[in-house]
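Asker: All I have is the shape, not the residue letters:
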């Protein structure tokens, strides 16, 4: 059977995999860690939400859908993903253009698209997978480290959707999509000269971004990061309440559903972006350490799978999915604790939200597919 078959076929009778996990193309360790994270997330979300059971049931249904999609994605041959990568990326960019032209405006931002017969969705979420997918495909059969012309065209593919996302405006998602593209370049062996040049250019562009690109509310978020007490009842309220909740939990926490900041509604968006503050207040630092341990084990397992991938495509895509997952966690925890500006990034598989769950599970499904490919002969 050609390796471009959509669904991978079972080997002949003399080569039947030894375990059910190999038949399903599932990595059991990664699956167990994801189930642990989902269960822990539902436990925290129940306490963080006002409508406990409804929120838990809704999120649980998204988890069931997400895990189902992950298993389906794991069955698809990697060569098929390389075939559809340009189409997937191109569709995502076209939808971003459609958002700019026809998108719905909500809370001052034009980020959503409503297609008749479908629920409202954010096309920018597609690029979190589509961009790394097309870049990994681009570098698959090219010599590494990449040459200048390959770096140039990669940057074009990265900056086009990022510019459209930032224009919505959605600086947080734009930065996450940008980071996923740059991670592929880094893992492809981008020279340190390029990296130093990029850092210098970013520093030089700082004033331009501040005065001509960033919106007033985005500049306010940066200023609040430097001094949240300058506007205690306004822009600084969220971060002050979040830091209060985190600090008041101590080592052991106040107890599940016993947090004052969260249960008395002092903490805004406690079930989404600031859910780690709810966890810190109610379960303490030890509860946060448990969550961080699960996250780090997932990232480590993803990197292990990527390292043992057979092809360049799998190594680049798998490592990017794993490191980008870590970036999501780092950005959320950083903004909630006051180390980074508040950019509206949810905590992966813990914060309430369905689209984020599905996108993440598609990525983990690809990791599962990579994990059951034949290992490199040098290993």
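Answerer: Now that the structure is in, tell me what you want to look at. This structure is a prediction, so every number in the text was calculated from the model and none was measured.
Asker: hang on, residue 26 in a strand?
Answerer: No: counting by DSSP: H, G, I helix; E, B strand; the rest coil, residue 26 falls outside a strand, being coil.
Asker: separation between it and residue 20?
Answerer: Distance of residue 26 to residue 20, given as C-beta to C-beta, to the nearest Å: 8 Å. In this view, the C-beta of every residue, glycine as well, is placed from N, C-alpha and C.
Asker: same deal with residue 104?
Answerer: 45 Å.
Asker: Name the residue in these two with the higher neighbour count.
Answerer: A side-by-side neighbour count of residue 104 and residue 20, using other C-beta atoms under 10 Å, places residue 104 first with 12 against 9.
Asker: Find the nearest non-adjacent residue to that one, please.
Answerer: Take residue 104 and drop its neighbours on the chain: the residue closest to it by C-beta to C-beta, 6 or more residues apart in numbering is residue 112, 4.6 Å away.
Asker: I'd assumed that neighbour was in a strand, is it?
Answerer: Yes: according to three-state DSSP, residue 112 belongs to a strand.
Asker: Surely residue 89 touches residue 130?
Answerer: Yes: using C-beta atoms under 8 Å, residue 89 makes contact with residue 130 at a distance of 4.5 Å.
Asker: who are the neighbours of the host helix or strand of residue 222, in terms of helices and strands?
Answerer: If you go by DSSP states H and E, residue 222 is part of helix 216-226. Applying 3 or more C-beta pairs under 8 Å, 6 or more residues apart in numbering; DSSP states H and E, we find helix 216-226 packed against no helix or strand.
Asker: what domains does the record give for this protein?
Answerer: Here the domain parsing of the chain from automatic domain parsing is 27-64+215-379, 76-213.
Asker: Using JSON lines, lay out these together with mean pLDDT and distance to residue 70.
Answerer: Converted to JSON lines, the domains of the chain look like this (pLDDT from 0 to 100; distance: least, C-beta to C-beta, whole Å):
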{"stretch": "domain 27-64+215-379", "mean pLDDT": "83", "distance to residue 70": "4"}
{"stretch": "domain 76-213", "mean pLDDT": "86", "distance to residue 70": "11"}
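Asker: So which elements touch the strand or helix carrying residue 174?
Answerer: For residue 174, the enclosing helix or strand under DSSP H and E is helix 171-187. Under the contact definition 3+ C-beta pairs under 8 Å, 6+ apart, helix 171-187 sits against helix 124-140, helix 148-166, helix 312-336.
Asker: Return the angle between stretch directions for the first one and helix 148-166.
Answerer: Read it as helix 124-140. 180 degrees (axes from the mean of the first three to the mean of the last three C-alpha atoms, to 10 degrees).
Asker: Check the offset of stretch 274-288 from the chain's centre.
Answerer: Centre-to-centre, stretch 274-288 and its host chain are 21 Å apart (C-alpha atoms, centre = their mean, to the nearest Å).
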